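Engineer: Quick one: sequence and predicted model below, then my questions.
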Amino acid sequence: MTQKYTAQDLVGVLGIVPTPATADAGRWDAKNTVDVDVTASMISQVAPVVDAIMTLGTFGEGATVTDDEAVTFMEIVVSANDAKAPLFAGATTLNTRDTVRRARMLLDLGADGLFLGRPMWCEMDDESIFRFYSDIAEALPETPVILYDNPSAFKGKISSELYARLASIPTLIGAKYTYLGPQYAADVEACGDNIRLLPMDADWLDAHQLGGERVAACWTPSAACGTAPLERLREAMTSSDWLAADAISQDMKQAYSTLMPDGDFSMFSRYNIPLDKARIAAAGVIDPGPARAPYQTAPQSYLDGAVEVGRRWAELQRRYAAPRGTAATS
């Protein structure tokens with residue numbers, strides 16, 4: 001058996017999707033909270049457009065779905081994925097053994113690889129992080145892994161020095177890079193051709209200017225909100241139409257501008273799940289349902305900002321889905 005995907009296979013737009021919830025999903029005693037119909041509809045719309053799908057991350061509620069619900073969800077994702085988009089399933093848990101167990105479960109259902117953060121009960125130092133991903137590679141050889149570099153969720157940023165070490169683990173092929181900073185170019189250089197650092201959609205052009213041709217893909221939190229802006233951005237980036245890419249990127253940045261409370265990513269991270277649920281619902285493509293316990297509340301002003309993002313994205317979807325040359329695309 002050989003590894004199915006490498007860093008060079010990560011190109012274009014990788015869509016992170018929510019786990020749609022039933023109306024009672026917010027209760028502590030809720031069971032079978034996956035909305036199967038909305039899930040199937042979402043994947044049937046997203047899979048033919050994006051270049052890969054990532055599931056069961058933060059706003060995918062990987063931390064709050066049960067094992068049985070994760071199985072139900074992934075079974076639907078796999079069956080609805082007629083386009084055969086590569087599937088990277090979230091298996092992050094609070095320890096290595098449970099991560100391996102959940103990963104095997106999801107891989108057996110048809111996932112192509114893993115979307116994997118590190119345990120976060122205690123802050124992990126560089127040696128612990130390296131050992132964790134080395135253990136995953138030993139337990140699951142030939143399983144491609146996209147790691148998750150979120151300084152708020154995982155209590156620290158992965159350093160360039162650690163990225164250089166992680167690049168020696170052959171199963172690590174990508175990293176979801178939460179936001180650009182002065183370290184990005186050094187991180188890209190440290191990863192070389194072995195790990196593709198994935199910026200957020202609105203930052204793709206900026207990241208490409210810092211990291212060059214190695215920045216051949218991005219992740220998006222908005223695949224379930226309407227794909228037309230993402231398709232246009234991918235077209236502009238892959239054809240080196242930098243003026244168009246800049247215009248689309250600016251549209252996306254403006255749409256996202258009310259998502260971070262007072263521009264504070266750490267504050268957004270405290271309420272990530274309910275805010276993203278509100279954002280996705282307001283975009284109007286799917287109903288993601290309520291947030292699962294216990295991550296359910298957020299200040300109303302923060303929710304209002306998230307709803308505004310969804311409304312703005314819906315407008316971008318309308319504009320970019322319209323035939324080119326019409327007033328709607330101006």
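Structural biologist: Perfect, I can see it now.
Engineer: for the record, mean pLDDT for stretch 47-66?
Structural biologist: Averaging pLDDT along stretch 47-66 gives 96.
Engineer: okay, how far is it across it, tip to tip?
Structural biologist: Across stretch 47-66, the terminal residues are separated by 24 Å (CA to CA, to the nearest Å).
Engineer: Just the buried positions in it, please.
Structural biologist: By neighbour count, and taking 16 or more other CB atoms under 10 Å as the criterion, the buried residues in stretch 47-66 are 47, 49-65. C-betas here are computed from N, CA, C, even on glycine.
Engineer: can you check stretch 64-82 too?
Structural biologist: If you call a residue buried by 16+ other CB under 10 Å, then stretch 64-82 has these buried ones: 64-65, 69-74, 76-78, 80-81.
Engineer: Return the helix or strand in the chain with minimum mean pLDDT.
Structural biologist: helix 265-270 (a mean of 92; mean pLDDT, DSSP states H and E).
Engineer: mind listing what's buried in it?
Structural biologist: Taking 16+ other CB under 10 Å as the criterion, helix 265-270 shows Phe268, Ser269 as buried.
Engineer: quick one: the strands in this protein?
Structural biologist: If you assign secondary structure with DSSP state E, the strands in the chain sit at 12-16, 52-55, 87-90, 113-116, 145-149, 172-177, 196-198, 217-220.
Engineer: now the ones you listed as a markdown table including distance to Ile43?
Structural biologist: Compiled in a markdown table, the strands of the chain are given as follows (distance: least, CB to CB, whole Å):
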| stretch | distance to Ile43 |
| --- | --- |
| strand 12-16 | 10 |
| strand 52-55 | 7 |
| strand 87-90 | 9 |
| strand 113-116 | 15 |
| strand 145-149 | 18 |
| strand 172-177 | 19 |
| strand 196-198 | 20 |
| strand 217-220 | 15 |
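Engineer: So for Gln300, which of the ones you listed sits nearest?
Structural biologist: If you check each of these against Gln300 by CB to CB, strand 12-16 wins as the nearest, at 25.6 Å.
Engineer: For the closest one, give me every contacting residue.
Structural biologist: Contacts of strand 12-16 with the rest of the structure, by CB atoms under 8 Å, 6 or more residues apart in numbering, involve 46, 49-55, 57, 59-60, 88, 115, 146, 174, 176, 198, 201, 216-221, 223-224, 227, 230-231, 233-234, 238.
Engineer: Show me the longest helix that occurs in this protein.
Structural biologist: Across the chain, the longest stretch assigned as helix under DSSP state H is helix 300-321.
Engineer: Where does the prediction get shaky in the protein?
Structural biologist: Within the chain, the set of residues satisfying pLDDT under 70 comprises 1, 325-330.
Engineer: Can you give me the neighbour number for the closest residue in space to Glu61 that isn't next to it in sequence?
Structural biologist: By the measure of CB to CB, 6 or more residues apart in numbering, the closest residue to Glu61 outside its immediate chain neighbours is Thr19, 5.0 Å from it. For Thr19, the count of nearby residues is 30 (other CB atoms under 10 Å).
Engineer: Ser257: which of the buried residues of stretch 64-82 is nearest?
Structural biologist: When the buried residues of stretch 64-82 are compared for distance to Ser257, the smallest value, 28.0 Å, is given by Thr64; criterion: CB to CB.
Engineer: Can you add distance to Val307 and give the buried residues of stretch 64-82 back as TSV?
Structural biologist: What follows is the buried residues of stretch 64-82, written out as TSV (distance: CB to CB, whole Å):
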residue	distance to Val307
Thr64	22
Val65	24
Glu69	26
Ala70	28
Val71	32
Thr72	28
Phe73	25
Met74	29
Ile76	27
Val77	26
Val78	32
Ala80	27
Asn81	29
